[in-house]
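Chemist: Here's my sequence, what's the structure:
(2 chains)
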Amino acid sequence: MLLRHTPKEIIKRSALTISPAKTCQPIGAMYAALGVHSCLPHSHGSQGCCSYHRSALTRHYKDPIMAGTSSFTEGSCVFGGQANLLQGISNIFTIYEPDIIAVHTTCLSETIGDDVNQIVQKAKDDGKVPEGKKIIHCNTPSYVGSHVTGFSNMVAGIVKGLAASTGIKTNTINIIPGWVEPSDMREIKRIAKDMGISIVLFPDTSDVVDTPQTGKFKMYPDGGVTQKEMAITGDSKATLALGSFASEAGAKQLDISFKVPFKVLDIPIGLSATDRFIESLSSVAGVKVPDSFVAERGRLVDVITDMSQYFYGKKVALFGDPDQLIPLTEFLIDLNMKPVHMVSGTPGKKFMERIEEVSGDLFKTMNVQNGAQADMFLLHQWIKNEKPDLLIGNTYGKYIARDEGIPFVRMGFPILDRIGHSYFPTVGYSGGIRILEKMLDAILDHKDATCSEIEMELVL
Amino acid sequence: MIRPEKILPNPSKVKEAILAKYPAKIARKREKSMVVNDPKLDQEIQSNVRTIPGIITQRGCTYAGCKGVVLGPTRDIINLVHGPIGCSFYAWLTRRNQTDPGPDGDNFMNYCFSTDMQDDNIVFGGEKKLKQAIQEAYDIFHPKAIGVFSTCPVGLIGDDVHAVSREMKEKLGDCNVFGFSCEGYKGVSQSAGHHIANNQLFKHVVGLNDEKPTGKYNINLLGEYNIGGDGFEIDRLFKACGINVVCTFSGNSTIGAFEKSHTADLNLVMCHRSINYMAEMMKTKFGIPWIKINFIGAMATAKALRKVGEYFGDKKLKDRIEQVISLEMPEVLKAQEDVKSRTAGKLAMLFVGGSRAHHYQELFKEIGMDVVSAGYEFAHRDDYEGRKVIPTIKVDADSRNIEELTIEKDPERYNLRASVEKMEKLKKKGLEVSDYVGMMSDMQDQSLIVDDITHWESDKLIEYYKPDIFCAGIKEKYVVQKTGIPLKQLHSYDSGGPYAGFKGAINFYKEIDQMTNTKIWKKLKAPWLSSNKESSINAEYVSA
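Modeler: Below is the predicted model:
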C-alpha cells in the first residue's frame, strides 16, 4: 500500500496539514502573468520559490516556463530586497528584453515588508525601465489563501497595470476565464467568435504554454493578451468573471477604475454552467445565440442520455480548486451522480455556500470541507469510511486511487503524469463531452479489468 | 551517423559573444565563471557565489538541498516542513527517489507534511502550531523520527525550531525530533542545504546505535539518492561481490541505518558536493576513511568496485569482484557497440548538479560522444578543480552563515580503520583517498566550463555548438527541446533509470540512442515550408 499509514479512524487535527489540496500564492501569480504577451514573471524572494514554481508549471504543461527571481540572500533579508529587485529589473530588460515584467512577492519579501510599489517607482525614477516598457505587480503572501488567491491577485495586478480607457464605450466584452487550461481559454475565445461577440480574454495562456514545436524557441511566444487589448478593457461594455475565487478581484478592479460593470459566473464546466455562460454572454452582448450552439448543446445532451446508466447513482470523491469544483459538482448532479466527499485547501466561505446551492438536498449527505486541514489525507480517510465509485482530482490522487481500487479521472492542477489538458478543453458543451469521455473511460476500463470472465462484455 | 568533420566554434570567441550582451559589471562577474579548459593547467573557476538577480538561473534554494535532496529519500522519518504550504507541496514526490519498505515497513515518503503557516502565525509566531503539528504527527503515525525543516519566514520571525524539537523529543520519549535551519535565503544555492542536512544528521542520528554489522566487508555509500532506482542497481552489485552496505546516504535509507552508519569500515563517496561533509566528519570522529568513487559508467563502476577490493586487500574479495565484472561486461559491451554505431561523434553538453555533470561524461564517452561544454548548478571550486584548492577558497559572507561543526575524536568509539601508511599506499595506486580531483582535469582541452549557467548563456551555447543532446533539469527541458535538440534530465532522469552500475549503463546508452535518433527531430518543419518544394503547385492541374 502506498498510503499505508492512513487510518480509517478520523483524528481531529488543528495544526498539521497532510498531503495538501492546495499550494501557495506565488505560483498562481506566475501562471496568470504568463497569460500576458511578452511578459516575464518575476518572483521577488529566494531563488527556490521561482525554481519550484517554474518546475511545477513545466511538469504540468511540458512547455517552457520562463521567469526571473530576485535571488535573496541572508543579507537581502536584513537590508531589504530593494537592491535585488532593482538589479533584477535592470538585468531582465537588458538581457531578456520583455515588454513587461510582472513582479509578485513571496512569503519572504512580504514578511520583511518590502514595498514593491515603491521599488518599482524607484526603478522608473532611476531610468531602469526603458521607454515603452512596463512593470506590473501584485502582493502574493504565501501564508494567505492559496495558489488560486495568487492568480486572482495577479489578474487584479494586470488590470491595475495595463487596463485603460479612451472614454468611448464599445461593445466589447471582457472575459476573465479564471485558472483554466490554455485549451479552455482557446475554447472560450472560439465560443465568443462563433457567437459573433468581440471579447478581450485575459489572462490568456493559449499559445504561451501550449506552443508548437517548430525547432525555434521563442522566449515570448505568440499568445497572451496584448497591451493594446488590455488598453481597451476600460471601454468595454461589461466584464464576465468566470469563477469568483480567481476572477472576481480583476473584474471588480475594472469596475473601480473604469466603471465597467461585471457579472460573476461559474466557469462553464458541464451542462448547466455552460448554459448560463452562453445565455449571459448572449444577453450582455445583445446577440442571439446562433443555431450551431443548439446542435453543440444537443451533442452533449445526447451523450448523457446514451450513457446515463453508467453515471446514475455513482458516488464520486473530488478534490481541487473551488472555481472548478462548484460547476463540476453541479454537472455530476445533473448526471445523477452523487458527490460524496470533497475537499479544497483554498479557504473561503463562498465555496461551501455555492456547493450547498448546487447540491440541494444532497448537501446534507456529503462530506465537504475547505480551508485549513481540508487535505487529501482527510479525503482519503472519508474514502476509507465510504468508498466512492470514482475519484476526480490532480495527479496526487493516483496514490489513493491505486490503494483503494477506485477509477480515477485527472482534472485540476497539477497533472504531472498525463497529457491532454493543454489541448482538449473541459469547458463548454464539447468540454462537457470530454469530461464524460474521461469518466466513462475510467469507470468502464475498471469494469473491464475487474469484472468476472463470465460478465465480460464486448458491447457496453 | 558519424559527423564527417566536426567544426567546433572557438570557445574563447563563444565566451566573448555571450558576455557582450551583459552590462559591464555583470560581464566582469560572469567572466570568472566561464573557463576555457586546459586539463594540464591549474585554472581557477568562480563558483558557489551569489546568483545575479534577474539572470534566470537553474538554481534552487537551501531548503530544497536539505529537505528535498538529502533527507527526502529516507522513508521512515516524517519530514515536517514548518512554513507556508508551498515549500512542502513542491518537494512532494517530485524527485523520483525510489524506496523499498517491503510489505509492512514504514514509508512516509508518499505523504506531504506541513504546518501550513497562516498570517497570524507570521505575526504572533508559529512555535505553538509547530509543537501541536509534531504532536499530531506523532499521535497519528508514531514515527521513529520527525525532522523539522525551516522555510524562509521561520528564520525571519525567529521561531526556534531546535528548541521546539528538543522539547517535543523529550515529551514524546520514543521519537527522535530534530530541526534544520535551512531557510531558503541562506547560502547561495541548494548546496548550503546539503551542508546543513549533513550537520544535523551527524549531530542527531549518526552513532546512536553501536550494533556491529554482520558482513565481512562493511561500507557506507554516501551521496547516492536512488533516483530511478540507481541505488538498487548498485546494491545488487555489492551483494554479488559480497560487500555489505551498512547505510546509504540517503537513497532507500532508514533512520535505523543512519544510526548504525558509524560501524562501517569504509565510506564511499559518490556525490562529493552533497555529502563530503559527512565523510569528513565520520573520518574525524570515528576514524572511517573515505574514498571517492563513481558508479555512473560501466568502466567507472568496475573501477569503483576494484577500489573497494583494493581497500580491503582480500584476494577472495578481489577475485569475486573480477568475476562479477567479467560476468556483467559482455552485455554492456554488446549494447555499447550497437549504440555507438549511431551515437559516435555526437556532441553533448551537461549543466547539472554538483557531481553529475562530471559523472555522466563517463557514459557519453563510452558511446563515443564528445562533451564539449559542462558545468555545475551549485558546486564549489573543489568539485571543478579538486580538493587541493580547498585551503585557498575564500570564505565569503554567504558561506560563513552556514554552520561548520567542530568535530573531535570520539573518546571511546574512534577506531582508525586503516593506517596512514596503508592509505598512502592506496593513494599511490590511484585511489582518491579523502580526495576528489574534480571535473576539469577529466575534461578535454578547449571544452568550455560554465558555472551556474544562465538561460542566456545556454541559449547561446546551443546556437554556436548545435549539440546533439543537452543535459540539465526540468526547467530547461522544454526550452532546449523547442530548439530542436533533445534534453535529458539528469536530476530526476525524466521517466527513466536506473543509470548507475552495469545495467544502468545499458539503460543510458539506449536512452541516449533513442533521444538523439528518434525520427521526429527530422520532421519539425512542415513539408510545405521546405525550400525545395517551392514551385511544386501547378495551378492548371489543381483547377482541372
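Chemist: Leaving out the residues flanking it, which one is nearest to whatever residue of chain B ends up closest to chain A?
Modeler: Nearest to chain A in chain B, going by C-beta to the nearest C-beta, is residue B:61, at a distance of 2.5 Å. For glycine as for every other residue, the C-beta is placed from the backbone atoms N, C-alpha and C. Nearest residue to residue B:61 in three dimensions, chain neighbours excluded: residue A:48, at 2.5 Å (C-beta to C-beta, 6 or more residues apart in numbering or on different chains).
Chemist: State whether the one you found is indeed within a helix.
Modeler: Yes - assignment of residue A:48 by DSSP: H, G, I helix; E, B strand; the rest coil places it within a helix.
Chemist: how about the most centrally placed residue in chain B, what does it touch?
Modeler: Taking C-alpha atoms, centre = their mean, the centroid of chain B lies closest to residue B:353, which sits 5.1 Å from it. For residue B:353, the contact set (C-beta atoms under 8 Å, 6 or more residues apart in numbering or on different chains) comprises B:271, B:273, B:376-379, B:490-491.
Chemist: hmm, 7 Å instead?
Modeler: B:376-377, B:490-491 (C-beta atoms under 7 Å, 6 or more residues apart in numbering or on different chains).
Chemist: Residue B:100 too?
Modeler: Each residue near residue B:100 by C-beta under 7 Å, 6+ apart is listed here: residue B:252.
Chemist: okay, now residue 130: neighbour count?
Modeler: No chain in the question, so chain A it is. If you count neighbours by other C-beta atoms under 10 Å in any protein chain shown, residue A:130 ends up with 11.
Chemist: you looked at the wrong chain, it should be chain B
Modeler: 28.
Chemist: Just the element for residue A:382, please.
Modeler: helix A:376-385 (DSSP states H and E).
Chemist: Tell me the first helix or strand C-terminal of that helix.
Modeler: strand A:390-393.
Chemist: How about that following strand and chain B, touching?
Modeler: No - shown here: strand A:390-393 not in contact with chain B (C-beta under 7 Å from any C-beta of the partner chain), separated by at least 14.1 Å.
Chemist: In terms of secondary structure, what does that strand contact?
Modeler: Using 3 or more C-beta pairs under 7 Å, 6 or more residues apart in numbering or on different chains; DSSP states H and E as the contact test, the elements touching strand A:390-393 are strand A:315-319, helix A:397-404, strand A:408-410, helix A:428-450.
Chemist: about what we covered before: in the helix holding residue A:382, which residues are buried?
Modeler: A:376-384 (16 or more other C-beta atoms under 10 Å in any protein chain shown).
Chemist: distance of the closest residue to chain B within the stretch 1-150 of chain A from residue B:192?
Modeler: Nearest to chain B in the stretch 1-150 of chain A, going by C-beta to the nearest C-beta, is residue A:48, at a distance of 2.5 Å. Separation of residue A:48 from residue B:192 (C-beta to C-beta, to the nearest Å): 11 Å.
Chemist: of the two, who's got more company?
Modeler: Using other C-beta under 10 Å as the criterion, residue A:48 and residue B:192 rank with residue A:48 on top: 34 against 28.
Chemist: what sits against that one?
Modeler: B:60-61, B:63-64, B:184.
Chemist: Look up the pLDDT of it for me, please.
Modeler: pLDDT recorded at residue A:48 is 98.
Chemist: Next: residue B:535.
Modeler: With respect to pLDDT, residue B:535 scores 54.
Chemist: could you pull out the strands for chain A?
Modeler: For chain A, applying DSSP state E gives strands covering A:17-18, A:39-44, A:68-69, A:100-105, A:134-138, A:173-176, A:199-201, A:238-242, A:262-265, A:315-319, A:338-344, A:367-370, A:390-393, A:408-410.
Chemist: Mind putting those into a markdown table with mean pLDDT and mean neighbour count?
Modeler: Converted to a markdown table, those look like this (pLDDT from 0 to 100; neighbours: other C-beta atoms under 10 Å in any protein chain shown):
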| stretch | mean pLDDT | mean neighbour count |
| --- | --- | --- |
| strand A:17-18 | 98 | 29 |
| strand A:39-44 | 98 | 28 |
| strand A:68-69 | 98 | 28 |
| strand A:100-105 | 98 | 28 |
| strand A:134-138 | 98 | 22 |
| strand A:173-176 | 98 | 27 |
| strand A:199-201 | 98 | 22 |
| strand A:238-242 | 98 | 25 |
| strand A:262-265 | 98 | 18 |
| strand A:315-319 | 98 | 25 |
| strand A:338-344 | 98 | 26 |
| strand A:367-370 | 98 | 20 |
| strand A:390-393 | 98 | 26 |
| strand A:408-410 | 98 | 21 |
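Chemist: Near chain B, which residues of the stretch 151-300 of chain A are found?
Modeler: Residues of the stretch 151-300 of chain A lying near chain B (C-beta under 7 Å from any C-beta): A:213-217.
Chemist: let's see 6 Å
Modeler: A:213, A:215, A:217 (C-beta under 6 Å from any C-beta of the partner chain).
Chemist: who wins for neighbours among those?
Modeler: Counting neighbours by other C-beta under 10 Å, residue A:217 leads those with 20 neighbours.
Chemist: Could you name the specific helix or strand carrying residue B:179?
Modeler: Taking DSSP H and E as the criterion, residue B:179 maps to strand B:176-180.
Chemist: likewise residue B:7?
Modeler: Here residue B:7 is assigned to no helix or strand, by DSSP H and E.
Chemist: so what's it scoring on pLDDT?
Modeler: At residue B:7, pLDDT is 88.
Chemist: mind listing what the residue lying closest to residue B:97 once chain neighbours are set aside touches?
Modeler: In space, and not counting its chain neighbours, residue B:97 is closest to residue B:73: 3.9 Å by C-beta to C-beta, 6+ apart. Counting by C-beta atoms under 6 Å, 6 or more residues apart in numbering or on different chains, residue B:73 touches B:97, B:225-226, B:250-251.
Chemist: How many neighbouring residues does the nearest residue to residue A:126 once chain neighbours are set aside have?
Modeler: Leaving aside its chain neighbours, residue A:126 sits nearest to residue A:86 (7.0 Å; criterion: C-beta to C-beta, 6+ apart). Using other C-beta under 10 Å, the number of residues around residue A:86 comes to 19.
Chemist: just checking, which of the contacts of residue B:353 belong to helices?
Modeler: Residues from these lying in helices, with DSSP state H as the criterion: none.
Chemist: In strands, which of those residues fall?
Modeler: Using DSSP E, none of those sit in strands.
Chemist: which one of these is nearest residue A:459?
Modeler: Using C-beta to C-beta, residue B:491 comes nearest to residue A:459 of the contacts of residue B:353, at 47.5 Å.
Chemist: number of nearby residues for the closest residue to that closest one other than its chain neighbours?
Modeler: What sits nearest to residue B:491 in space, not counting adjacent residues and going by C-beta to C-beta, 6+ apart, is residue B:473, at 4.5 Å. Counted with other C-beta under 10 Å, residues neighbouring residue B:473 total 21.
Chemist: before we move on, back to that, would you reformat the contacts of residue B:73 as TSV and include secondary structure and pLDDT?
Modeler: Shown next, in TSV, are those (DSSP: H, G, I helix; E, B strand; the rest coil; pLDDT from 0 to 100):
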residue	secondary structure	pLDDT
B:97	strand	96
B:225	coil	98
B:226	coil	98
B:250	strand	97
B:251	coil	98
